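Peer 1: Predicted model follows, preceded by the sequence.
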Amino acid sequence: MIRMNQSKFNEHFTISQLRKKSVICKDDLIIGHISDVIFDSEFNILSFILGGSQWEELKELLGIIDDIDPVIPFDAVESISSDFIKLNIVKSKIKHKLIEGVIPSNSFTYSFLKRKQIHDFKDKKFGKIVNLVFLPSGESILIIGGSWFEEISEKLNFKENIDLILPLKYIESINEKRIRLTVTYEDLRVSINNKPLDEEAQRKYFDSQIISGNIEMRVIERRNAIAVRDFGRFEIKRT
């Protein structure tokens, strides 16, 4: 079991892994599954948005019922086990996203970030977000892949089955169309030319990140697509 301590975990986990776990409040009631993540303007994790069953999500999409997905503050997560995410608050204390102020106006959701094309500092397109990783330090990183990144890898005579670790500190700006980085295509050569981290090396590297700001842009070997890619579907918008 992973236990939280001052917004830190003992090991890393991905948004793909979180979505498979049931969220249980302090009343021992299952209240849903994580569907999205809310970040503040500095990309600190503020909270998680929960989704209901597929049937409930469909009825919300069709306007049959109100879209009142619960919003869980990050520090309300007490522990994470193989099957459950345990909260330290009761259901009656949980607010939903339609309540004014629950989602700050200057915040970003992961779903908003995920649909953006990644551009370097010179506005060259080179990839897209394929997953989100939470580190023991309490910070999060993006995993970048996609056809544009693979083309760059080919041009550098590197093998295709790689992705890129992108710390959020390398994001320069975000607009409705793209995420622009502080680094250029040429800067990426330094990372791409390094030996990619295999699955075990990735695990050790991510789990070793206990101090915020230490993780760097690195190349990683792509795991099984089903295990690694984030296929979650949910409402896409900037909050």
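Peer 2: Structure received.
Peer 1: which non-adjacent residue is nearest the most centrally placed residue in the chain?
Peer 2: Residue closest to the average C-alpha location in the chain (C-alpha atoms, centre = their mean): Leu132, at 2.9 Å. Leaving aside its sequence neighbours, Leu132 sits nearest to Ile15 (C-beta to C-beta, 6 or more residues apart in numbering; 4.2 Å). Every residue, glycine included, has its C-beta placed from N, CA and C.
Peer 1: Over to Glu216?
Peer 2: Pro167 (6.8 Å).
Peer 1: State the pLDDT value of that neighbour.
Peer 2: Per-residue pLDDT puts Pro167 at 93.
Peer 1: Bridge partners for it, pull those for me.
Peer 2: Ile141 (DSSP bridges).
Peer 1: In contact with it: list those residues for me.
Peer 2: Glu139, Ile141, Ile215, Glu216, Met217 (C-beta atoms under 8 Å, 6 or more residues apart in numbering).
Peer 1: Could you turn the buried ones of the residues you listed into a PyMOL selection?
Peer 2: To isolate the buried ones among those in PyMOL, judged by 16 or more other C-beta atoms under 10 Å, type:
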select buried, resi 139+141+215+217
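Peer 1: Could you dump the contacts of Pro167 into a markdown table and include pLDDT and distance to Ile118?
Peer 2: Putting those into a markdown table (pLDDT from 0 to 100; distance: C-beta to C-beta, whole Å) gives the following:
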| residue | pLDDT | distance to Ile118 |
| --- | --- | --- |
| Glu139 | 88 | 19 |
| Ile141 | 94 | 13 |
| Ile215 | 91 | 17 |
| Glu216 | 89 | 17 |
| Met217 | 88 | 12 |
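Peer 1: Just name the closest of the contacts of Pro167 to Leu113, please.
Peer 2: Using C-beta to C-beta, Ile141 is the member of the contacts of Pro167 that lies nearest Leu113, at 11.9 Å.
Peer 1: wait, the closest one sits on Val133?
Peer 2: Yes. At 5.0 Å, Ile141 counts as touching Val133 under the criterion of C-beta atoms under 8 Å.
Peer 1: shared neighbours, these two?
Peer 2: Residues touching both Ile141 and Val133 (C-beta under 8 Å, 6+ apart): Ile165.
Peer 1: Just give the number of residues close to Ile220.
Peer 2: By the measure other C-beta atoms under 10 Å, the count of residues near Ile220 is 20.
Peer 1: Surely Phe39 and Ile45 touch.
Peer 2: Yes. Phe39 is within contact range of Ile45, at 6.1 Å (criterion: C-beta under 8 Å).
Peer 1: Can you work out which residues contact both of the two?
Peer 2: In contact with both Phe39 and Ile45: Ser140, using C-beta under 8 Å, 6+ apart.
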